[in-house]
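**Student:** Have a look at this prediction, sequence included:
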Amino acid sequence: MLVALIEDVVAIDDLDRILTVDGIDCLMVVPGDLSQSMGPDYLGRPDHPDVQKIIADTMEVIVAAGYSTGSTANDNNIAKWTNAGGRFFLCNYMGYVQNGLKELKAKSTLTD
């Protein structure tokens, strides 16, 4: 599987051309890098509504062109990205492991 990363406004602007490249299976829209390429007002702000809208709109275009798409995902955005057509996600598993261990500890009879 060949996954292309869409992580710059230049790639967003050239998306129609990118979608003609043979051999790409999935195009992932990467929020952190994308926000940095959008200028100083968005630097370090991948959750900014403007960035989020561009991601969702881009994912919908990718799906309409017949490709798989996705992004980085967590509990706060997975529903939004799946509703935009996302099916391929990068997740940091550590938070899920930590939360599971905290829940396990809370259910045990052990104390600190």
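**Tutor:** Cool, got the structure.
**Student:** ok, and for the helix or strand of the chain with the lowest mean pLDDT, which residues are buried?
**Tutor:** The least trusted helix or strand in the chain, going by mean pLDDT, DSSP states H and E, turns out to be helix 94-107, with a mean of 87. Within helix 94-107, no residue counts as buried by 16 or more other Cβ atoms under 10 Å. All C-beta spots, glycine's among them, are computed from the backbone N, C-alpha and C.
**Student:** Distance of the most centrally placed residue in the chain relative to Pro46?
**Tutor:** Nearest to the mean C-alpha position of the chain, by Cα atoms, centre = their mean, lies Ser71 at 1.9 Å. Distance, Ser71 to Pro46, by Cβ to Cβ, to the nearest Å: 10 Å.
**Student:** okay, and the common contacts of those two?
**Tutor:** Taking Cβ atoms under 8 Å, 6 or more residues apart in numbering as the contact rule, Ser71 and Pro46 both touch Pro31.
**Student:** Just the residues contacting the longest helix seen in the chain, thanks.
**Tutor:** If you go by DSSP state H, the chain has its longest helix at helix 49-64. The contact list for helix 49-64, computed with Cβ under 8 Å, 6+ apart, reads 6, 12, 15, 19, 27, 29, 31, 34-35, 38, 42, 45, 68-71, 77, 80-81, 84-86.
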